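Enquirer: Sequence and predicted structure below; questions after.
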Amino acid sequence: MYGGDDQSDKISVESDNNIDKIMAELTIAEKLKQLYELQLVDSQIDKIEVLKGELPMEVSDLEDEIQGLETRVNRLEGQKKDLEDQVSNHEANIKEAQMLIEKYTQQMDNVKNNREFEALTKELELQKLEIQLSEKKIRQTNQEIENKLGTLEATVERKDKKEADLKTKKVELEEIIEKTVTDEEKLRRKSDRTKKKVEEWLLKAYEKIRTTYRNGLAVVQVERNSCGGCFNKIPPQLQLELAQRTKIIACEHCGRILVDDYIMEVGKKKKETEEAE
């Protein structure tokens, strides 16, 4: 078992060494062609991402917003329940005060002196005040409940609307993904394979330039004597150097790597000769 792993590691190392050797032997023209081929593949992936548009982000934002609304709904329902409990407590206080009033009223018929009469009268007044205070608190609390209900209904309505929007967005996104998933997977695999052929320093430069621009263009052809990325004029002397393909040239205005119109023809004659032999 261990021998097999060692052999596998040896093959992997040899394979990496072979790739490094092949990359080192490539001409500037061949390196530029590989880089441009990578750009073409990545641009196709970018088109699929554009087709999806902002949908993935919109779906994510809606999910976060709905989660926040659900939290708010739960909090409002909890506050409403607490207020309803307060109303129940006040109502219980009123019932208790009414029972005491009834009790003290009955005792008034059996008072023996002014002191007992005054004490009962005072208790009756206190219980009546307790009822008035509880009734006032019930009115205030019921108003708070009504306000909470209004806010709760508006929040639930908003949450339902967001959930409907989310459902629509998800259907749209799923339809796009279903149409493009196979192509996207193939393109991403092709991009990964192509990246392995590009020298590390060149790949880093390519990826850095790609992230700089929204359209993801890092390698562009010269079109009508202008940079295919920023459309600034490219001097004739620089175009001549591009055609010679002896060095990697970047646009002096935008920093994108420039290639000539016939970059994809590089290596074709050599391949045809090898196939003929």
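Expert: Received it, and whenever you're ready, just let me know what you need.

Enquirer: When you work out contacts or count neighbours from here on, use the C-alpha atoms and nothing else.
Expert: Noted.

Enquirer: Quick check: residue 141 touching residue 85?
Expert: No. When contacts are counted by C-alpha atoms under 8 Å, residue 141 is not listed as touching residue 85 (10.0 Å).

Enquirer: Compare those two (neighbour count), which wins?
Expert: residue 141 (19 against 13; other C-alpha atoms under 10 Å).

Enquirer: My reading is that that one is in a strand; is that accurate?
Expert: No. Read with DSSP: H, G, I helix; E, B strand; the rest coil, residue 141 is helix and lies in no strand.

Enquirer: And the host helix or strand of residue 138, what does it pack against?
Expert: Using DSSP states H and E, residue 138 falls within helix 114-197. The helices and strands touching helix 114-197, judged by 3 or more C-alpha pairs under 8 Å, 6 or more residues apart in numbering; DSSP states H and E, are helix 28-52, helix 55-108.

Enquirer: what angle sits between the last one and helix 114-197?
Expert: For helix 55-108 against helix 114-197, the angle by axes from the mean of the first three to the mean of the last three C-alpha atoms, to 10 degrees is 170 degrees.

Enquirer: cool, the shortest one as well?
Expert: When the same axes, to 10 degrees is applied, the directions of helix 28-52 and helix 114-197 differ by 150 degrees.

Enquirer: buried ones in helix 28-52?
Expert: 29-43, 45-46, 48-49, 52 (16 or more other C-alpha atoms under 10 Å).

Enquirer: Now do it: distance to the chain's middle.
Expert: Here helix 28-52 is found 25 Å from its chain centre; the criterion is C-alpha atoms, centre = their mean, to the nearest Å.

Enquirer: And for the longest one?
Expert: Average the C-alpha atoms of helix 55-108, do the same for its chain, and the two points are 35 Å apart (C-alpha atoms, centre = their mean).

Enquirer: pLDDT of it, averaged?
Expert: Helix 55-108 comes out with an average pLDDT of 93.

Enquirer: Now do the same contact list for residue 128.
Expert: 97, 101 (C-alpha atoms under 8 Å, 6 or more residues apart in numbering).
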